[in-house]
Structures are given as C-alpha cells and as structure tokens.
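**Student:** Here's a sequence, model it:
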Amino acid sequence: MVSWPRRIADVPRSSVIVPCVLVLTLTSALTACGGGDDAAGAPGLGDPYFPKAGNGGYDVSHYALTLSYDPGSRKLRGTARITARATRGLDSFHLDLKGLDVTGVQVGDRDARWSRAGQELTVRPRTGLDRGETFRTTVRYAGTPETLTDPDGSREGWLRTARGAVALGEPVGSMTWFPGSHHPSDKASYDITVTVPKGLSAVSNGELRSVTTAADGRRTFAWHTAEPMASHAATLAVGAYDITRGRTKGGLPVYVAVDPSQSAASAKVLARIPEVMDWEAYNFGPYPFSSTGAVVDRPGVAGYALETQNRPFFPGAPDIGTLVHELAHQWFGDSVTPASWRDMWLNEGFATYAEWLWQEDHDGDTADETFDALYRGDHHDIDGAVAAVDDKAVWAFPPARPPGPAHISDSPVYERGAMVLHKIRRTVGDDTFYDIVQGWAAAHRHGNASTADFTAYVEKKAPDKDFGEIWKDWLYGDGRPARP
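**Tutor:** Below is the predicted model:
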C-alpha cells in the first residue's frame with residue numbers, strides 16, 4: 001500500500017442484492033486460539049493489533065460469493081458459501097461481518113441458529129462438528145455496506161465512487177461486504193460472481209470466467225481466484241470503466257479497468273505493466289499468480305493505493321514508482337503474506353526497496369545513494385523534489401515493532417524496512433542477496449511468514465555472516481542507529 005498522492009517522502013499506509021454464499025474449509029495453524037470447554041471457536045485470533053480479526057477453531061479453504069449491487073439504491077445483496085475444515089470439535093463458531101442484515105444461515109443443508117454482536121456472527125450448527133471435518137456454511141445477507149475509519153484515520157471497506165463503489169480491505173474492511181475469517185493468516189481461493197446494472201462493469205480478483213447479460217441489460221461478471229488469497233487483498237470495483245486487455249511477453253494476461261476521467265493520464269504508466277512485471281520476475285522470481293493488471297478510479301476515492309491481489313487499486317493515475325511498489329506486493333504481501341499485522345514491514349519494506357531497485361536499474365539514484373540520503377535526512381521523492389522524507393518520522397520506532405494499529409503503515413515500516421533490506425545486501429553482497437530475496441518468495445509462496453521466519457531464513461542462507469547488529473539496531477532498535 002502507498003499513500004496518495006505518492007511521495008517517497010511520506011508513505012504512510014501503508015447491490016440490488018443477490019444472495020452471497022460463503023464456503024468455509026477451516027484448517028488452522030491457529031488451533032490454539034479455538035474454543036474452550038464448550039467447544040466454541042474463538043471470536044478472534046488474538047492478532048497483536050487487531051485481536052478480533054479472524055476466528056479460531058477452523059480454517060477456510062474457499063469462498064463462493066454471489067453478489068448483486070445497485071449504486072442507485074446503494075444496496076448489496078449476497079450469498080456467501082464458505083468451505084472450511086474444523087481444527088477442533090465445534091458446537092459453535094464465529095464469522096466476521098460488520099453491518100449488513102443476515103437473513104439466513106445454513107451449515108451443510110440444514111438451517112443453523114445464529115446471533116450478532118458487534119462484528120461477530122456466531123453460528124450454532126444443529127449438530128456439532130468433529131475435528132478435521134470439512135463443512136460448508138451458507139450466509140444470506142443484504143443491506144448498505146459500511147465505510148470504516150481505521151486507527152490511522154484512513155478509510156476502507158465499502159467506498160462509494162462516482163458511478164459505483166470499490167471495496168478495499170486492508171486491514172479489516174473486507175468484513176463490510178462478506179462474512180468470513182478476516183485475518184491474513186487464513187487464506188483461501190475465491191469465486192466472486194457479481195450482478196450490476198446496465199452499462200456498468202464489476203472487476204474483482206483473479207480471472208474473468210464469464211460475462212452474461214440479462215433481458216433487462218443487467219450484467220453478471222464471474223471472477224475466479226485459484227491461488228490462496230488473504231481476505232484483505234480481495235476487492236470488488238463497480239463502475240463504468242474503460243477496460244483494456246493484453247499480455248506480457250511471457251503470455252501472462254493483463255486486465256486493466258480505468259475510470260474514463262483517468263484514462264488519458266494513466267495510459268503511459270499503465271502501458272508499462274508488462275515491462276514492470278518482467279523486471280520484477282527477473283529480480284524476485286516467478287510471478288506467483290495467473291493474471292495481473294490494475295484498477296484506477298478517481299482521486300479522492302481513497303487516500304492510498306492498495307495491493308489488491310492480481311490487480312492493484314489506484315485512486316487516480318499512478319506514477320511509475322507507485323506502480324512498481326504495488327506490483328511488487330504481489331510477491332511480498334499477497335503471495336508471501338504476513339503472519340500478523342505486526343509483520344507489516346515484510347510487505348512494505350520489500351515493496352519500497354523494489355522502488356529503490358527500479359531507480360537503480362533505470363538511471364536513477366542507486367540503492368546506496370537512497371539509503372545514505374535517508375540516513376542523512378535529505379532524501380526527496382522519486383521525481384527529485386516535491387517534498388523531503390520526514391527525517392524524524394523515519395526513526396520514530398523500529399520497523400518490526402510498530403507501537404500500535406495506527407502505526408502499521410507509518411514511515412518506519414516503509415523506509416526503514418527498506419533500509420534493513422539494504423543493510424542485508426551490503427552485508428552479503430548482490431549474489432547472495434538476490435538468492436535470499438528469490439528464495440524467500442519461493443519458500444513461502446502462497447503462505448504466511450513472520451519476522452522471526454525471515455531473520456532465520458537470512459541467517460540460514462548466509463551462515464558465515466553476522467546479522468546481530470542489523471537485527472538489534474535496524475530491525476528492532478529504537479532511534480537512529482550509529483552511522484553505517
């Protein structure tokens with residue numbers, strides 16, 4: 001994620017209604033969080049910054065969402081079918097759902113009892129679920145989706161646009177438009193089918209499987225995401241978009257949706273998506289997904305660009321640095337997803353460092369020069385002047401220890417996170433560094449990883465090097481480290 005308008009100097013933050021059917025398959029490394037003596041799944045996974053996010057006792061494998069949205073009435077109707085596997089015996093379990101009216105819940109083919117409290121939808125099946133049992137939960141719901149304000153003041157969830165809406169979910173906004181286990185550690189595949197009024201398009205993640213048109217002109221778009229996806233990376237954009245399709249040199253499908261008011265301003269940068277994808281695959285290893293692209297809506301829809309899986313979202317025409325940043329997240333953040341929100345620097349540090357590498361390879365400052373300028377406190381944005389990075393902000397806290405949920409997208413997570421990576425590069429040399437970067441992306445492809453996983457991986461790849469000072473002073477230490 002990057003703030004908008006993009007400045008390297010300041011990169012904080014980082015339906016007429018159809019039934020929505022959720023299919024839950026719950027297998028969890030979070031088994032410890034599940035339930036008590038009453039075999040109830042926990043209402044949260046205990047994330048250090050968003051403790052209510054996600055749910056214990058099961059692990060989701062697939063979401064099948066059938067949605068309908070009418071921008072005129074602002075109403076969404078959905079059926080969510082969730083396939084999951086129980087990681088413990090369950091008499092009840094929770095789903096995250098903020099707002100919207102639930103009209104019915106089934107587990108298997110039987111009606112289930114349910115109740116609402118805050119963001120928790122508690123489901124009580126007619127019969128208990130055994131540990132290891134795969135089950136399907138269907139939730140039907142409708143209403144006007146909400147926009148959330150995060151602890152850092154940014155807006156997420158369901159955001160209205162000039163001709164429709166866009167759903168952005170980092171860190172917890174996806175629970176405003178479909179029920180589920182909304183924590184990055186519980187990834188799943190998705191089928192998202194959306195019906196919209198005549199003249200509008202519905203753009204989501206993955207590949208567009210079909211478009212059908214009803215007699216009244218309404219169109220239904222069916223999207224499929226085969227690779228695991230964290231719910232915060234799921235998106236839905238409804239609007240009157242200009243759609244372009246293409247392929248990279250390697251044959252990867254490129255699907256781009258742009259609000260017509262942004263088409264001319266976006267064209268030059270978006271035309272470079274194949275070039276950026278090829279460059280990133282060369283540096284980071286094979287692309288982990290089966291399509292790419294972008295969604296560009298009008299400025300002001302959100303205060304940030306976001307790495308929604310397969311096709312990042314941009315509020316207004318992006319510059320090349322922002323495009324490089326968000327596409328790099330497809331490797332670092334979307335494929336290799338943080339184990340908790342405390343590990344956010346593994347997303348943003350890598351994506352920010354991708355910008356440094358792009359500049360280095362395209363006649364800009366070298367990564368060494370960018371690092372040194374940041375350390376001195378006189379680094380400016382990618383274009384050379386608009387504003388200097390806030391030197392005090394860079395050193396406000398260590399990247400691996402944000403002080404709270406309002407700070408997971410602050411400058412230390414981005415700039416100082418990138419500086420940690422450059423310190424590793426200086427220590428091991430380019431050959432080993434790129435082995436580390438590509439190996440890390442491959443070792444945790446489509447999975448989750450923590451900061452401890454990363455430091456252990458680096459030490460394993462370069463056992464003859466001493467990383468103690470980097471971990472102690474740059475990754476976990478307070479204040480500006482001694483001059484490098």
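**Student:** Would you map the helices across the stretch 251-400 of the chain?
**Tutor:** 263-270, 273-284, 320-328, 345-361, 367-376, 391-394 (DSSP state H, counting those that start in this stretch).
**Student:** could those go into JSON lines alongside distance to residue 309, mean neighbour count and mean pLDDT?
**Tutor:** Every C-beta, even on glycine, is put in place using the N, C-alpha and C of the backbone. Compiled in JSON lines, the helices of the stretch 251-400 of the chain are given as follows (distance: least, CB to CB, whole Å; neighbours: other CB atoms under 10 Å; pLDDT from 0 to 100):
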{"stretch": "helix 263-270", "distance to residue 309": "18", "mean neighbour count": "16", "mean pLDDT": "98"}
{"stretch": "helix 273-284", "distance to residue 309": "14", "mean neighbour count": "18", "mean pLDDT": "98"}
{"stretch": "helix 320-328", "distance to residue 309": "11", "mean neighbour count": "25", "mean pLDDT": "98"}
{"stretch": "helix 345-361", "distance to residue 309": "13", "mean neighbour count": "25", "mean pLDDT": "98"}
{"stretch": "helix 367-376", "distance to residue 309": "27", "mean neighbour count": "18", "mean pLDDT": "96"}
{"stretch": "helix 391-394", "distance to residue 309": "29", "mean neighbour count": "16", "mean pLDDT": "92"}
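**Student:** can you put those in TSV and add distance to residue 187?
**Tutor:** Listed next are those as TSV, based on distance: least, CB to CB, whole Å:
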stretch	distance to residue 187
helix 263-270	28
helix 273-284	19
helix 320-328	19
helix 345-361	14
helix 367-376	31
helix 391-394	31
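**Student:** right, so of those helices, which gets closest to residue 160?
**Tutor:** Judged by CB to CB, the one of those that comes nearest to residue 160 is helix 263-270, at 20.7 Å.
**Student:** Around residue 300, how many other residues sit close by?
**Tutor:** 12 (other CB atoms under 10 Å).
**Student:** same question, residue 434
**Tutor:** 17.
**Student:** pLDDT averaged over the helix or strand that it is a member of - what is it?
**Tutor:** Counting by DSSP states H and E, the element that carries residue 434 is helix 430-443. Average pLDDT, helix 430-443: 98.
**Student:** Next, find the distance separating residue 302 from residue 148.
**Tutor:** Applying CB to CB, to the nearest Å, the value for residue 302 to residue 148 is 12 Å.
**Student:** so what's in contact with these two at the same time?
**Tutor:** Common neighbours of residue 302 and residue 148 are listed as 155-156 (criterion: CB atoms under 8 Å, 6 or more residues apart in numbering).
**Student:** Give me the more crowded residue out of these two.
**Tutor:** residue 302 (24 against 20).
**Student:** Who are the contact partners of that one?
**Tutor:** Contacts of residue 302 by CB under 8 Å, 6+ apart are 4, 154-156, 159, 166, 168, 313, 315.
**Student:** Counting neighbours, which of these comes out on top?
**Tutor:** Counting neighbours by other CB under 10 Å, residue 168 leads these with 30 neighbours.
**Student:** could you list every residue that touches it?
**Tutor:** Per CB under 8 Å, 6+ apart, neighbours of residue 168: 156-157, 159, 235, 302, 306, 308, 313.
**Student:** How about residue 152, nearest residue that isn't a chain neighbour?
**Tutor:** residue 406 (4.6 Å; CB to CB, 6 or more residues apart in numbering).
**Student:** ugh, wrong one, residue 106
**Tutor:** Nearest one to residue 106, counting by CB to CB, 6+ apart, is residue 138 at 4.4 Å.
**Student:** ok so, going back, dump the contacts of residue 302 to JSON lines, plus secondary structure.
**Tutor:** Shown next, in JSON lines, are the contacts of residue 302 (DSSP: H, G, I helix; E, B strand; the rest coil):
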{"residue": "4", "secondary structure": "coil"}
{"residue": "154", "secondary structure": "coil"}
{"residue": "155", "secondary structure": "strand"}
{"residue": "156", "secondary structure": "strand"}
{"residue": "159", "secondary structure": "strand"}
{"residue": "166", "secondary structure": "strand"}
{"residue": "168", "secondary structure": "strand"}
{"residue": "313", "secondary structure": "strand"}
{"residue": "315", "secondary structure": "strand"}
